[in-house]
Every structure is written in C-alpha cells, then in structure tokens.
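Visitor: Model the structure of this input:
(2 chains)
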Amino acid sequence: MSNLEKYNAAFMECLEITEGQLAGLKYQDITAWDSVGHMGLIAALEDAFDIMFDTDDIIDFNSYEKGKEILAKDEYGVEF
Amino acid sequence: MERIWNLEEHKGKAALIDEFGGELTYEALNSKAHNLAGRIGHRCLVFSFCRNEIGSVLGYTAFLNHGIVPVMVSSHLEETLLNNLLGTYSPEYLWVPADQVEQFPEMCVEHEAYNYALLKTGYEVKYSLYDELGLLITTSGSTGSPKLVRQSYTNLLDNARSIAEYLKLDHTERPITTLPMNYVYGLSVINSHFLVGATLLLTDKGLMQKEFWNFFKEKEATSFGGVPYTYEMLDKLRFYHMKLPSLRTMTQAGGKITPELHEKFAAYAEKQGKNFVVMYGAAEATSRMGYLPPEKAVEKKGSMGIPIPGGKFTLVGADGQKISEPLTTGELVYEGKNVTLGYAECGEDLIKGDERHGKLETGDMAQFDHDGFYYIVGRKKRFLKIYGNRVNLDEIDRLIKGEFEIEVASAGVDDHMYIFVTDAGKAELVRDFVVNKTKLNPVAFKVITIDGIPKNDSGKTLYKELAKYYE
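Guide: Purely as a prediction, here's the structure:
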C-alpha cells in the first residue's frame, strides 16, 4: 500500500466515510470527526506510519489536507 | 430581587470573556440581564438553547436570577426530540442563537442581545409553576427524553456554595469552558464561580483544537473540568508536557475514570503543584455530591471521595439496613439541601412540590474504605455514560422499537454500547438511527445480530445473558 492509500484508509475506517468524501474534509464537518473521532484517527495514523505526533501537530491537524502537510514534515518524513 | 447571585457587588470585574474578544463585566451582565428579564416581565417557562457563548450565559443568568424558569437544552438537539420537548412543556418563550431563529418561522423575535434572540412561541397552553422551581434540566441530554429534573433555587444556591467552599474558589479564578451548560456539571462551574466574582472564559472549541489552547494560554485559564473521556484525550495529547503555568485545578466527573488515568493525573498534579479533584454527582442532586480532596488524589486513587460540605452519604444493603462495615457493597444514598425536588414528565408536573425531602437513592452501588472514602463499584439502573452523557438503555430500546418495530435489547459498558437485534438487515439502519438521535460519536455504538433476545418465562429481557458478547 502506498502512503496515500494508508492515509486514506485510516480516514475511511476511523470516520466511516468513502474515498469521495475525503477531499476538503474538515474537523467537525461530520459527526464522526469530533474530538472522539480525532483521537481514533490520530492513533490509527500513528500505527499506520509508526510515528508519534507532537501535541502541537495533533491540535493543528484540522483537515484532510492539513494532515498530509503535517505528515510530510521532516520529523515524520511521510512522502505522498 | 435577585434569586441566586448578587452580580452587582462584583462591579467592573469581568464576568465573561469569549474567544472572539467579547467581554462583559458583572455590572453589564447585571443590567443586560435586567433588560432581558424585564422584556418578559413575569414568571414563566423559557427554553434556553445552550452554547458556550456570552448570549447563552446572559439568558441563563437573566432567567434564573429573575424568577423565570429556564429549561436547559442543547442547541444541537435533534429536531424531533426538540419538538417532543416543546410539545410536552409548552414554554412561553425560547432563547435561541441568532443563526437558529429561522428554525422557528412562526414565532416572532421580541428581544436580541449578543447573537441570541428571544422568541415568543404563541403556544396557548401555560402550565403553572411551583414557587420554588428554579430550572429544569434533562437527565439524559442525548436522547431528549421528556423527563426533566426539577431543581429549586435553594438546591442551586446550596450546591454552588458547597462547591465554592471545597474547591476554595475566589475572584481570581478563570475557569475555561470544556462542558456544555445544558449539562449539570458545566452549569455548576458557572453557578459556583459567579458566587465568588470569578471570570468565565467561554469557548465552544474543544481540547483537540488549537484555538482552544491559544485562548487558554492567552487568557490564563486557571481550571477546567472533564469527563473520563476528556482525560483519555488529554493523555493522548501528552498533556503532561504542555506548559500551562496559569492552570491551578483540574476537576473530573461524569463517570468513573480508570484507576490508571486517575493515578497519572494525580501524579502530574502533585509534581506540578496543581490540584486534580475527582468528584461525584448527578442531575438529581443538582450537580455535586462527593469529591476527593486533591491532597488525597494519589493515595486514594479509584475513589470518588467524601460527601461535599453539607452533604451526607449512607450505604444501604439489600436487606434495607444501613451498612456500617467497611468494604461492603450497598446502594449509595445521599442527603443534602442540593437533593432536587423530583422529576417532571409532563407540563402538569411543573406545579409539583418537593417529593424527595432532601434524600436521594442514587442507584449507584458503592463501598467505603477504613478511612471513610467512597468507591463506586457498580450501577443499579440501566444506563451507560457515553463520553460523560447519561444514556438510558431502556429509552434507546423504546426509540428503536418505535422506529423499526423490531426486537431489540441494548446493553454494554461506559463509552461502549452494544445493541442486539435479531434482524440482520436492520443492523446498519439501527446504528445510524441511534447515532443521529444521540449525536454522539458512532465509535461508541455496535449493533450485534443474534438469533433471539434472551428472555425469561414472563417475557422479561435477560440483559445479563448479553454480557458474554462484549465482556
């Protein structure tokens, strides 16, 4: 699985959504992406990429696109 | 005359500060509350739509302090549930956020302040209100059950005073909102802090949002409250490494925190010179009944503590006798002036007086240790706490049966509900329905299809036999 596939899979599984809903999706756009869903999503991404997010990045992570930007940072080094 | 708070005595001190730069002094809050209450002009029922915003707190303060009885509802309450509540209690007014006014096209706006509007409902039926009735609040906010708890002015004032005493609150406190005000725990923060002239920091942002923490740091919040799930999130956020010099106190209620997390936060607080205060309460006791003094947080992990000032606990065994031996399980009974009047299930109940006389059988099973500290060990009643929200399982069954006309039984543990059905084809629909009704995160709900719902000879569901599927 490519990194993008892994990233998308974590979203789709945790938030119970389809691939078509991913682009432009923001925190609190849907019931499933509330604080509870966010915690699950963060845990799933940490597992998928074997990383540990910094506190600042967890709270900065407020959209599908923003998450990719964060993961691409040097400390996580996930290339999309 | 003011029923609860003497707001004027705190004069130019900030009462409310919001995340958008809004600020209201105690003087201004008092005069705007007078205006709003004056606009209504008489004792009646108002549905107060709650958000952590200045307009919402202003409305609540105006109503409660001037003898107008608010029904505290979430501004996100699902439409049919809201209509059911409105139909049941027939309020004379609604106090709603400006962006929700269009939901009620048949009502006219009579007053506006701070992005909130006062709507006159035009309902013909008016129910009589008991003289001491202060406010009404749901027991299970999420299922919108028409059952409300009737809280008196004495209940509210007594509980607020007791909380201010055991948390040692003063005017320098700046609690930040982390709980909704249609939830008794959230409301108790407002009630107790207004008594001492403290400043409330209002935000509807959550712990997982940067805006929350920026506001927290910029306005130097001194305390916050959380349900068990809040502390799981803070743990995940690696809260222990955050630099929060202004923070003095963290309180926890709304269900039992795991002993592991209790220990972690107690140790963090001890090391950092902060207080971690585990508390115990229920809407039927206004808000708080017990608290674990912060200096005992490490030593007594897993305990919810001792009765609040002015309160008393007793344990009653299955034989109806009072338990005097430590480490023996019995039903927890609480006595105090904060024990509420009783429930209302229909408009005619609003005239009812005090039905509890200061004594509440909590439905929680508990023990006390050799030092007199109490531990909750189980629950007598059929409800779960989902992310701190009390969700009545029988109510869920009733809603599902009403919608789908199928066999159903729900059970589970806190934060995880299991709904058992016999019709596999309906499983997904049932789950979507419950998620939509409760507005809680879908992760909390699982639907399991089984061959038959276990029942005894008289047709009563045997919920204990379902436990094998999730334990």
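
Visitor: For whichever residue of chain A sits closest to chain B, the count of nearby residues, please.
Guide: Proximity of chain A to chain B (CB to the nearest CB) peaks at A:Val36, 3.9 Å away. Using the backbone N, CA and C atoms, a C-beta is placed for each residue, glycine as well. Using other CB atoms under 10 Å in any protein chain shown, the number of residues around A:Val36 comes to 23.

Visitor: which one is it nearest to, not counting chain neighbours?
Guide: B:Asn441 (3.9 Å; CB to CB, 6 or more residues apart in numbering or on different chains).

Visitor: surely the one you found meets A:Gly37?
Guide: Yes. Applying CB atoms under 8 Å, one finds B:Asn441 in contact with A:Gly37, separated by 5.6 Å.

Visitor: Now do stretch B:390-399: distance to the chain's middle.
Guide: Offset of stretch B:390-399 from its chain centre (CA atoms, centre = their mean, to the nearest Å): 17 Å.

Visitor: Likewise for stretch B:86-103?
Guide: Relative to the chain's own centre, stretch B:86-103 is displaced by 21 Å; criterion: CA atoms, centre = their mean.

Visitor: Would you mind putting the CA coordinates of it into PDB?
Guide: The C-alpha trace of stretch B:86-103 is given here as PDB (Å, rounded to 0.1, in the frame of the first residue of the first chain):
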ATOM      1  CA  LEU B  86     -41.600  21.700  23.200                       C
ATOM      2  CA  GLY B  87     -44.900  19.900  22.800                       C
ATOM      3  CA  THR B  88     -44.700  18.400  26.300                       C
ATOM      4  CA  TYR B  89     -43.800  21.600  28.200                       C
ATOM      5  CA  SER B  90     -45.300  24.400  26.000                       C
ATOM      6  CA  PRO B  91     -42.900  27.200  27.000                       C
ATOM      7  CA  GLU B  92     -43.900  30.800  26.600                       C
ATOM      8  CA  TYR B  93     -40.500  31.800  25.100                       C
ATOM      9  CA  LEU B  94     -37.400  30.400  23.500                       C
ATOM     10  CA  TRP B  95     -33.900  31.900  23.900                       C
ATOM     11  CA  VAL B  96     -32.100  30.800  20.800                       C
ATOM     12  CA  PRO B  97     -28.800  31.600  18.900                       C
ATOM     13  CA  ALA B  98     -29.500  34.100  16.100                       C
ATOM     14  CA  ASP B  99     -28.400  31.600  13.500                       C
ATOM     15  CA  GLN B 100     -31.200  29.200  14.600                       C
ATOM     16  CA  VAL B 101     -34.100  31.700  14.600                       C
ATOM     17  CA  GLU B 102     -35.200  30.600  11.100                       C
ATOM     18  CA  GLN B 103     -35.900  27.100  12.500                       C
END
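
Visitor: residues of that stretch that come out buried?
Guide: Neighbour-count burial for stretch B:86-103 flags B:Leu86, B:Thr88, B:Tyr89, B:Pro91, B:Glu92, B:Tyr93, B:Leu94, B:Trp95, B:Val96, B:Pro97, B:Gln100, B:Val101 (criterion: 16 or more other CB atoms under 10 Å in any protein chain shown).

Visitor: contacts for stretch A:55-72?
Guide: Stretch A:55-72 is contacted by residues A:7, A:11, A:22-27, A:38, A:42, A:45, A:49, A:51, A:53, A:73, A:76, A:78-80, B:208-210, B:212-213, B:236-239, B:241-242 when judged by CB atoms under 8 Å, 6 or more residues apart in numbering or on different chains.

Visitor: For that stretch, what does the pLDDT average out to?
Guide: In this model, stretch A:55-72 has a mean pLDDT of 96.

Visitor: Give me the buried stretch members for that stretch, please.
Guide: Judged by neighbour count using 16+ other CB under 10 Å, the buried positions of stretch A:55-72 are A:Thr55, A:Asp57, A:Ile58, A:Ile59, A:Phe61, A:Asn62, A:Tyr64, A:Gly67, A:Ile70, A:Leu71.

Visitor: Out of the residues you listed, which two are the most distant from each other?
Guide: Spanning the widest gap among the buried residues of stretch A:55-72 are A:Thr55 and A:Tyr64, at 20.6 Å by CB to CB.

Visitor: how far away is B:Gly122 from chain A?
Guide: 33 Å (CB to the nearest CB, to the nearest Å).

Visitor: on that earlier part again, could you export the buried residues of stretch A:55-72 to a markdown table, including columns for secondary structure?
Guide: Shown next, in a markdown table, are the buried residues of stretch A:55-72 (DSSP: H, G, I helix; E, B strand; the rest coil):
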| residue | secondary structure |
| --- | --- |
| A:Thr55 | helix |
| A:Asp57 | helix |
| A:Ile58 | helix |
| A:Ile59 | helix |
| A:Phe61 | coil |
| A:Asn62 | coil |
| A:Tyr64 | helix |
| A:Gly67 | helix |
| A:Ile70 | helix |
| A:Leu71 | helix |
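
Visitor: And for B:Asn30, nearest residue in space, chain neighbours not counted?
Guide: Using CB to CB, 6+ apart, the nearest residue to B:Asn30 is B:Leu7, at 4.0 Å.

Visitor: gap between the one you found and chain A?
Guide: Distance of B:Leu7 to chain A, given as CB to the nearest CB: 33 Å.

Visitor: Which positions in the stretch 201-350 of chain B make contact with chain A?
Guide: Residues of the stretch 201-350 of chain B lying near chain A by CB under 8 Å from any CB of the partner chain: B:206-210, B:212-213, B:229, B:232-233, B:236-239, B:241-242.

Visitor: I'd assumed B:Asn182 was in contact with B:Met72.
Guide: Yes. Using CB under 8 Å, B:Met72 is in contact with B:Asn182, at 4.3 Å.

Visitor: which residues do the two both contact?
Guide: Residues touching both B:Met72 and B:Asn182 by CB under 8 Å, 6+ apart: B:Cys50, B:Ile137, B:Thr138.

Visitor: B:Arg390 - that's part of a strand, no?
Guide: Yes. B:Arg390: assigned to a strand according to three-state DSSP.

Visitor: What is the burial count for it?
Guide: A total of 22 residues lie near B:Arg390 under the criterion other CB under 10 Å.

Visitor: Okay, and the beta partners of it?
Guide: Counting by DSSP bridges, B:Arg390 forms beta bridges with B:Lys385.
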